[in-house]
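Chemist: Sequence plus the predicted model coming up.
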Amino acid sequence: MDQLRAAHLSVLKELDGKDAKGNPMELDDPRIPDLLKRGWELAGAYAALYIEYNPDPSKHTLKSIFDGFPSSLNGTGPEYTFRGSAVQIGPSIYVVEASYGVEFRTGAFMVVARNENGHFQKLWDIKELAAQHYPQRDEIGRWVYLVSRAYYNGPLDVQRILRLPPAANGHARFLVDAYQGADGGTTLNQLSIWEWEGAKAKPLLVDLYQNSWDDEGFHLAGRTLRISTKEELKMLFSCGMCSEPRGLWTVRITPNGVQDLGHRFLKPEYQWADELLTRVNKGTDATSLANPKVLEALKTKISDLRAIDSQVEGLELEPTESPWGMLSLCRVLRRGKVGAFVLVVDEGELRFTYELRNGRPYFTNVKID
């Protein structure tokens, strides 16, 4: 273990090398990938050896498994630092996460379990699988991604690892919730669920979701997972720091697999109005959504807004661009067979009235202020 600590100090020393301006190297520096690979290998070996010496660690011990592992070179910033922890997901099976970073972090996760000789060893890690997937640019391949952070653009880092109920065949399963480190009030997260097959982890679900900066709703009750989300609309958009439009993503974990039950808006009125405004803006048929009076009022207002943009700002908006500006909020006035709500955007307020027909809204009136 002393040899591993010394080797890791060497990695931290190289990571602490500065760029031409005297700042810590960015993640897209060509020296970084090999250094991080060495670091993660050392972390996996250290965790395996630690568990070998402590074969029945507590949750608290696993959380602080790297307390004796060098976490920084000098302890004074700005410099690369290391952190990590482990979670037991089955008998003698552990998922270890580890990350490096200066401000925003890049992480990895790996499985430590007994090898064919009965000793603990890192048997699998996400980076090896991600390298195989990277040419496809899919969600697993995203774990290879190293880049200088930018708005909504950065590497993945593990937020939480959860042990899940085992599969019907007895295989251990686990969940990884990861955050894409980047600037912006709206965060991009990745949820992945895995089944440990003894030598490798098989992905059961890997998908992205958006979350607002002030929302940490993540609830696993039995076999049902509910995640608070910030949902996307086709045309309307809100600011990065805005929490709306809020949603909920539900996933059910069964003995035989994973069921993605999809996303829903907590205020479906956002989605209803967005669909109507998108069709009217693009000039596609919307007669199944609203009566002619509503459609004519929206067309007239959109034409006026486009004329103002053209004359004052010198802009010619594309049909897919919103002339309404940024979305602010939605006030629900009443719900039922007949309902009403107010949509507030930069260009004013739209008060919609609707009636439900076969469970779907049909807009009967709109007042635009």
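Modeler: All right, it came through fine.
Chemist: Quick check: the gap between the residue sitting nearest the centre point of the chain and residue 139.
Modeler: For the chain, the residue sitting closest to the mean C-alpha position, by C-alpha atoms, centre = their mean, is residue 189 at 0.7 Å. Here the distance between residue 189 and residue 139 works out to 11 Å (C-beta to C-beta, to the nearest Å). (Glycine included, C-beta is placed from N, CA and C.)
Chemist: buried residues in stretch 191-202?
Modeler: For stretch 191-202, a neighbour-count test (16 or more other C-beta atoms under 10 Å) marks 191, 192, 193, 194, 195, 196, 201 as buried.
Chemist: Max pairwise distance over these: which two?
Modeler: Set against one another by C-beta to C-beta, the buried residues of stretch 191-202 have their most distant pair in 191 and 196, with a gap of 17.4 Å.
Chemist: Okay, now the unreliable bits of the stretch 1-150 of the chain?
Modeler: In the predicted model, the stretch 1-150 of the chain carries pLDDT under 70 at residues 147-150.
Chemist: repeat that for 90
Modeler: Low-confidence segments of the stretch 1-150 of the chain (pLDDT under 90): 16-31, 55, 73-79, 102-105, 134-137, 144-150.
Chemist: And the top helix by length along the chain, what's buried?
Modeler: If each helix of the chain is counted by residues according to DSSP state H, the longest one is helix 32-53. With burial defined by 16+ other C-beta under 10 Å, the residues of helix 32-53 counted as buried are 32, 35-51.
Chemist: next SSE after it?
Modeler: Using DSSP states H and E, the helix or strand that follows helix 32-53 towards the C-terminus is helix 59-63.
Chemist: Can I take it that residue 284 is in a strand?
Modeler: No: following the definition DSSP: H, G, I helix; E, B strand; the rest coil, residue 284 is coil and is not counted among the residues of a strand.
Chemist: Could you tell me the per-residue confidence at it?
Modeler: We have a pLDDT of 94 for residue 284.
Chemist: Around it, how many other residues sit close by?
Modeler: For residue 284, the number of neighbouring residues by other C-beta atoms under 10 Å comes to 9.
Chemist: Kindly report the same for the one 5 residues further on.
Modeler: Applying the criterion other C-beta under 10 Å, we find 19 residues in the vicinity of residue 289.
Chemist: Please name the residues that touch residue 334.
Modeler: residue 340 (C-beta atoms under 8 Å, 6 or more residues apart in numbering).
Chemist: looking at the sheet around it, what are its partners?
Modeler: Beta-bridge pairing of residue 334 under DSSP bridges involves residue 340.
Chemist: And the pLDDT at it?
Modeler: At residue 334 the predicted local confidence, pLDDT, stands at 97.
Chemist: so how far is residue 269 from it?
Modeler: Shown here: residue 334 relative to residue 269, a distance of 11 Å by C-beta to C-beta.
Chemist: coming back round to it: just the closest of the buried residues of stretch 191-202 to residue 235, please.
Modeler: Closest to residue 235 out of those is residue 191 (26.3 Å), distances taken as C-beta to C-beta.
Chemist: what helices or strands is the one helix or strand the closest one maps to leaning on?
Modeler: According to DSSP H and E, residue 191 maps onto strand 186-196. With contacts defined as 3 or more C-beta pairs under 8 Å, 6 or more residues apart in numbering; DSSP states H and E, the packing partners of strand 186-196 are strand 156-164, strand 173-180, strand 201-212, strand 246-254.
Chemist: 6 Å - rerun?
Modeler: With contacts taken as 3 or more C-beta pairs under 6 Å, 6 or more residues apart in numbering; DSSP states H and E, strand 186-196 sits against strand 173-180, strand 201-212.
Chemist: ok, now which ones touch residue 337?
Modeler: residue 356 (C-beta atoms under 6 Å, 6 or more residues apart in numbering).
Chemist: what pLDDT does it get?
Modeler: Residue-level confidence at residue 337 comes out at 95, pLDDT.
Chemist: The one 10 residues further on now?
Modeler: Residue 347 is assigned a predicted lDDT (pLDDT) of 90.
Chemist: Residue 234 too?
Modeler: What the model reports for residue 234 is a pLDDT of 92.
Chemist: ok, it to residue 115 distance?
Modeler: The spacing between residue 234 and residue 115, counted by C-beta to C-beta, is 51 Å.
Chemist: Let's have the helices and strands packed on strand 186-196 in TSV, adding distance to residue 321 and mean pLDDT.
Modeler: Output for the helices and strands packed on strand 186-196, formatted as TSV (distance: least, C-beta to C-beta, whole Å; pLDDT from 0 to 100):
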stretch	distance to residue 321	mean pLDDT
strand 173-180	26	94
strand 201-212	20	94
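Chemist: Now do the strands for the stretch 251-369 of the chain: every range, in order, please.
Modeler: Secondary structure of the stretch 251-369 of the chain, counting by DSSP state E, counting those that start in this stretch: strands at 257-265, 327-334, 338-345, 348-357, 360-368.
Chemist: Dump those strands into a markdown table; add distance to residue 28 as well.
Modeler: Conversion of the strands of the stretch 251-369 of the chain to a markdown table gives the following (distance: least, C-beta to C-beta, whole Å):
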| stretch | distance to residue 28 |
| --- | --- |
| strand 257-265 | 32 |
| strand 327-334 | 34 |
| strand 338-345 | 38 |
| strand 348-357 | 43 |
| strand 360-368 | 47 |
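Chemist: Quick check: which of these is nearest to residue 279?
Modeler: That would be, of the strands of the stretch 251-369 of the chain and by C-beta to C-beta, strand 360-368, which comes in at 11.3 Å.
Chemist: Let me see the mean pLDDT of that closest one.
Modeler: Here the mean pLDDT over strand 360-368 is 97, rounded to a whole number.
Chemist: Run through the neighbouring helices and strands of that strand.
Modeler: With contacts defined as 3+ C-beta pairs under 6 Å, 6+ apart, the secondary structure elements packing on strand 360-368 are helix 292-308, strand 348-357.
Chemist: Those: which one's closest to residue 185?
Modeler: Ranking the helices and strands packed on strand 360-368 by distance to residue 185, with C-beta to C-beta as the measure, places strand 348-357 first at 23.9 Å.
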